[in-house]
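K.L.:
Please find the sequence and the predicted model below.
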Amino acid sequence: MSLAKSPWIIHVNCNSCNGCDIEVVACLTPLYDAERFGVLNIGTPKQADIMVVTGSVNYKNVNVIKNIYNQIPDPKVVLAVGACASTGGIFHNCYNVIGGVDQVIPVDAYVPGCCPRPEAILDGVVAALSILENKKKGNIKGKEVKLKGKEVPSNA
Amino acid sequence: MTTVIPFGPQHPVLPEPVSLKLEIDNDVVVGALPSLGYVHRGLEKFIDTKDYNQTTYICERICGICSALHGITYTKAVEKLFDAEIPERAEYIRVIVGELNRLHSHLLWLGLFADGFGFESLFYECWKYREEVLDVAERITGNRVIHSISKVGGVSRDLTKENIDMLLKMCDSLEPKIKDIEKVFVNNYTVKQRLVGLATMSKQLAYEAGTAGPTLRGSGNAIDVRETADWDIYKDLGFKTAVAKEGDCYGRTKVRIDELYESIKLIRNAISKLPNGDIATPIKGFPTGEAIMRTEQPRGEVVYYVKGNGTKNLERLKVRTPTFANIPSLLLMLPGVRLADVPIVVLTIDPCISCTER
Amino acid sequence: MLENTIEATEIKSSGELLKTIEGLKSDGYRYSTMICLKANEGHDFIYVFEKDNKLKNLRYFVKPGEKPKSVSGIYLCALLIENEYQDLFGLTFEGLAIDYKGHLYLTPNSPKAPLA
């Protein structure tokens, strides 16, 4: 059985301006139809294979993204969609932005663009599929990312 | 005894990280506390490193869904500082792109909303029609989502004859399709069962809670900045405010569907009145003084405050976005709602968290 | 250019401010937003109210070290913007309806009072 025939993706909005998010969702809708590659958008990380991240990382959501990454079972692939997720993009200098997603979790494939077109995102997903297959063959496991703990305050 | 259930930041229904702490008593919400900050980037500080022309691109990336109207509002606010006369053609092109923006945003919301109450095929239907709008927007502006049409002094691209034909064709083909989805949203028994009477806000409450946009108009308040604000071009285009009396989720849906027709009408009227001439005036110097500019975004009224101090950087930029005004109303709407309906109620204000936190 | 300054009524004391805002509420004004500016080592607040699509602005100067009074008791919707300024400017508002204590947007790790 090939895992790459039906990868399930989880879409994580990190610090995105929504531009990439709606393009990721547009991929799944009839015109671009990612489901023809067997791709299914799933709400829970425990059933996902590919983690699609949009937007950069900031101080508040850094634990959220680590948590979701740790919950995805092996083999797993991380796809960074958009300029912000890749490097921080236009916001790389902002005070609350740490940088691209690869500062926090290992990223396997990048889709550049602000915003990337749905075709580009689909290309990224297809590229991720072969990485996923290789990881399965080589039995490569994702590293567990440690939470630092104090980053999320117990507010009000 | 009450239980506290966290809702978000990662939630299957919401594409965006909003987090609510819900106090639940026997499946019914008794209290809600929003927790923000997952998308906070700090754009109001960012103007220190970018000049006032570059800030246009920052403002367009406050939110990717209403990006054109963010850019337009910002540039109009800066033009107020310069007391600049903008060519009429540029203003009309801004209206056309702004209304395209509203069309795609409302269709997007209708789709996500349908997904929220589990009507998957309606979700796909709405997003299929939205692609038609995006195709035209891409032809006109060069990008599907971040339109970037407006610049200080006018617009950056002109409408060609071909663009206008495409726009008119899109309007003609979209109108019957909206009628189709309107039938489902307004008349379908299942949809009505989910929406009617859910999270009702009275006219008075919605007014006093400071809500904006369809949340406000869904409760019977006919307040739309397009009608009487600083941007007076809408008066010539025969704009009429869409209102619904219900005040519940059903009413807010109806307002948005009516606004789709309104946007199509505005695009048609703007094309028929489109004047000839320049699309931009050159602007020299650096901005001084302060100005407030308001426009109506898909989600409601946006308030831009800009202050210049005679240098190339602005001294202060403050953006009050519509979702920022609508989130306190969630505190009023959610108590009394069942836990299963919480996603629908949250979606019904059309939350745009990246707008809210900037 | 002076003509670009927005019209605003000067308010001298915090007691007068709350009284004026209560008066505006009974007149049917909606709370739109509040703008905070750095000025003369203190902060300038511009309260923006709206009725029938007309804006009414109040300007109030917060002296350095002064704890401004919260308006959220009169308009509940003021709580978000006041919490935001607690985060960004390091101010402390008195009598907030829901107090996030400077952690609405920011966490202990992120930069403190970035706009101050």
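P.N.:
Yep, that arrived.
K.L.:
need the longest helix for chain B.
P.N.:
When chain B is parsed with DSSP state H, its longest helix is helix B:88-116.
K.L.:
Tell me the buried residues in the following helix or strand past it?
P.N.:
The first helix or strand that comes after helix B:88-116 along the chain, using DSSP states H and E, is helix B:120-141. If you call a residue buried by 16 or more other Cβ atoms under 10 Å in any protein chain shown, then helix B:120-141 has these buried ones: B:122-127, B:129-134, B:136-137, B:140-141. For the C-beta atoms, the positions are set from N, CA and C on the backbone; glycine is no exception.
K.L.:
Now do helix B:120-141: which elements does it pack against?
P.N.:
The contact analysis (3 or more Cβ pairs under 8 Å, 6 or more residues apart in numbering or on different chains; DSSP states H and E) places helix B:120-141 against helix A:19-28, helix B:88-116, helix B:161-187.
K.L.:
Looking at the ones you listed, which is nearest to chain C?
P.N.:
Smallest distance to chain C across the helices and strands packed on helix B:120-141 (Cβ to the nearest Cβ): 18.1 Å, for helix B:88-116.
K.L.:
Need the helices and strands packed on helix B:120-141 in a markdown table (columns: mean pLDDT, distance to B:G37 and mean neighbour count).
P.N.:
Shown next, in a markdown table, are the helices and strands packed on helix B:120-141 (pLDDT from 0 to 100; distance: least, Cβ to Cβ, whole Å; neighbours: other Cβ atoms under 10 Å in any protein chain shown):
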| stretch | mean pLDDT | distance to B:G37 | mean neighbour count |
| --- | --- | --- | --- |
| helix A:19-28 | 85 | 18 | 25 |
| helix B:88-116 | 88 | 22 | 25 |
| helix B:161-187 | 88 | 33 | 15 |
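K.L.:
quick one: low-confidence ranges for the chain?
P.N.:
All of this is about chain A. A:1-2, A:146-156 (pLDDT under 70).
K.L.:
try chain C instead
P.N.:
C:1-5.
K.L.:
Quick check: which element contains C:V48?
P.N.:
C:V48 belongs to strand C:42-51, assigned by DSSP H and E.
K.L.:
A:C17 too?
P.N.:
Going by DSSP H and E, A:C17 is not part of any helix or strand.
K.L.:
A:V78 belongs to a helix?
P.N.:
No: assessed with DSSP: H, G, I helix; E, B strand; the rest coil, A:V78 is strand; it does not lie in a helix.
K.L.:
Could you report the neighbour count for it?
P.N.:
By the measure other Cβ atoms under 10 Å in any protein chain shown, the count of residues near A:V78 is 24.
K.L.:
next one: A:D74
P.N.:
When neighbours are counted by other Cβ under 10 Å, A:D74 registers 11.
K.L.:
Show me what from chain C comes close to chain A.
P.N.:
C:98-101, C:103-111, C:114 (Cβ under 8 Å from any Cβ of the partner chain).
K.L.:
and what of the stretch 51-200 of chain B?
P.N.:
Residues of the stretch 51-200 of chain B lying near chain A (Cβ under 8 Å from any Cβ): B:57-58, B:61-65, B:67, B:108, B:111-112, B:123-124, B:127-128, B:130-131, B:143-146.
K.L.:
and B:D48, helix, strand or coil?
P.N.:
Recorded secondary structure, B:D48: coil (three-state DSSP).
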